[in-house]
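Chemist: could you look at this predicted model? Sequence included:
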Amino acid sequence: MRRSSVVRSLLLGVSTLFVPLHLAAQDQPDKPFKVFQFPANMIPRIDGEVTDWKMVPDSYTIGIDQLHNEHVGSADPKKVLDVKVKVGWVKGLDRLYFLYESTDSYYDFADPGLYNDIFELVVDGDLSGEPLDPRFRLNPMQSNAVARRSMFGTGAQNYHIFTPAKDKEWAMELGCQPWIKDLPYANHAAAPYTFRHGEGGHYMMEFWITPFDYAGCEGSERAVESKLYENKTIGISWAILDQDGPGKSSGFWNLSSKHTMFGIGSQLRAFRLMPLEPQFQKPIDAQWDFKVIDMERRLIAFHDQSIGTITKWTWDFGDGTQSVERNPIHAYKYAGDFVVVLLVEGPAGSARLSKVWDVTIPGEYIPGGHEAKP
């Protein structure tokens, strides 16, 4: 190894020590964007009627002024281009929702192939930072054919979304897993538009996609969807490919500071999955979950997920015992189907949540009853 390579490796190792692990492989990790959380009863319908997105505050909008143009084509003083994007998610659904809105003085979409106005979107749901294009494979000894099968879009995904798509599918997936752009992994709809190829106008479309930790060339049978949860940071970036007729490109507007973000997951921007905005939250709301630690010992860990300022927790485990701990671990003395109740209290009042028979300890049952002692 040459001396310069050794020094570079040492510097990279030292700098990594001072960057949070979950953001270490991101472009501009100190400037994360926000992903709006839709309430579970207000999920946007993908029908081209984009009024569902009016609830999203303007602070979530990412405009073209936050992108930089890497390739300025022939100067056109009459050129107009404005693009706005909002990103959303829903707690409990491993989907990312997008609203794309553009105003352009020349929409280019006559070609049946890849030459089109394009919204190029790249997503890395677990911040793997992996290369997703064989050109950037880490092992130079790996053949291009092997790299295409093993890494082409498997750990991060690249969508070339046609804006608009005329007589063609809505997107091209840059990889060997085109199934990820179809239901049940994606859906899309564009608002009606009146402009023709070569004309200007206004365009809006909404869609959702499923991010994957692994999406292989073999199909969906071994795919692993990325788990989305509050405050998680994921990698996202996009570019606006603006075409203005044969041989005329007005730019490659990139959200990342790195041109090659289209093929390298570590060059994507950090996006944070936000909690519900205050206007959609209850002042106090009891929520909880549990996990079986050891079924043979009937040991269950309970986890409080309540919303609001909580000062007191009261658990009723359904077996005649209680706890005032926030996250108790309880050992059931006998088998049965239990009604577990959490009561929380705070300055805003109190709230209670019971779950009927979610907590089930297998064993012999007493005839006519739902709880049985060993």
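Modeler: Great, that's in hand.
Chemist: contact partners for the spatially most central residue of the chain?
Modeler: When Cα atoms, centre = their mean is applied to the chain, the residue found nearest the centroid is L96 (4.5 Å). When contacts are counted by Cβ atoms under 8 Å, 6 or more residues apart in numbering, L96 touches V35, V87, G88, W89, V123, W208, I209, T210, P211, L228, I236. C-beta here means a position set from N, CA and C on the backbone, and glycine is covered the same way.
Chemist: domain map for this structure?
Modeler: What automatic domain parsing lists as the domains of the chain is 21-273, 282-372.
Chemist: out of those, which one sits most buried?
Modeler: domain 21-273 (a mean of 18; mean count of other Cβ atoms under 10 Å).
Chemist: now that domain: mean pLDDT?
Modeler: Mean pLDDT, domain 21-273: 92.
Chemist: what does stretch 326-337 give?
Modeler: Here stretch 326-337 scores 96 as its mean pLDDT.
Chemist: from the chain's centre, how far out does it sit?
Modeler: The chain centroid and the centroid of stretch 326-337 are separated by 35 Å, computed with Cα atoms, centre = their mean, to the nearest Å.
Chemist: can you tell me how far the closest residue to Q177 other than its chain neighbours sits from T314?
Modeler: Of all residues not flanking Q177 in the chain, A215 sits nearest, at 4.8 Å (Cβ to Cβ, 6 or more residues apart in numbering). Between A215 and T314 the distance is 44 Å, computed by Cβ to Cβ, to the nearest Å.
Chemist: coming back round to it: how much space separates the residue nearest to the centre of the chain from V122?
Modeler: 12 Å.
Chemist: what is in contact with the two at once?
Modeler: Residues touching both L96 and V122 (Cβ under 8 Å, 6+ apart): I236.
Chemist: what about F109, which SS state?
Modeler: State at F109, reduced to three classes by DSSP: H, G, I helix; E, B strand; the rest coil: coil.
Chemist: now do the helices in the stretch 101-250 of the chain.
Modeler: Ranges of helices in the stretch 101-250 of the chain, per DSSP state H, counting those that start in this stretch, are 144-151.
Chemist: please, where are all the strands along it?
Modeler: For the stretch 101-250 of the chain, the strands defined by DSSP state E, counting those that start in this stretch cover 118-124, 157-162, 171-173, 186-190, 201-209, 212-214, 224-225, 233-243, 249-254.
Chemist: who does the shortest one touch, helix- and strand-wise?
Modeler: Based on contacts counted as 3 or more Cβ pairs under 8 Å, 6 or more residues apart in numbering; DSSP states H and E, the elements that strand 224-225 packs against are strand 212-214.
Chemist: just list whatever residues bridge to D337.
Modeler: Counting by DSSP bridges, D337 forms beta bridges with T360.
Chemist: wait, it touches T360, no?
Modeler: Yes. Contact criterion Cβ atoms under 8 Å: D337 and T360 qualify, at 5.1 Å.
Chemist: one step back: and the residue nearest to the centre of the chain, how far is that from G235?
Modeler: Counting by Cβ to Cβ - L96 and G235 are separated by 11 Å.
Chemist: joint contacts of the two?
Modeler: Common neighbours of L96 and G235 (Cβ under 8 Å, 6+ apart) are V123.
Chemist: okay, and the beta partners of F302?
Modeler: F290.
Chemist: ok, it touching Q287?
Modeler: No. Applying Cβ under 8 Å as the test, F302 and Q287 come out as separate, 11.6 Å apart.
Chemist: nearest residue to F33 other than its sequence neighbours?
Modeler: Leaving out its chain neighbours, the residue that sits closest to F33 by Cβ to Cβ, 6+ apart is F271, at 4.8 Å.
Chemist: can you tell me the element the one you found falls in?
Modeler: Using DSSP states H and E, F271 sits within strand 269-273.
Chemist: which helices and strands does that strand pack with?
Modeler: Looks like strand 269-273 contacts strand 33-38, strand 233-243 (3+ Cβ pairs under 8 Å, 6+ apart).
Chemist: would you reformat the ones you listed as a markdown table and include distance to M55?
Modeler: Output for the helices and strands packed on strand 269-273, formatted as a markdown table (distance: least, Cβ to Cβ, whole Å):
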| stretch | distance to M55 |
| --- | --- |
| strand 33-38 | 8 |
| strand 233-243 | 21 |
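Chemist: identify the residue spatially nearest to R269, adjacent ones excluded.
Modeler: Distance criterion Cβ to Cβ, 6+ apart; nearest residue to R269, sequence neighbours excluded, is S237 at 5.0 Å.
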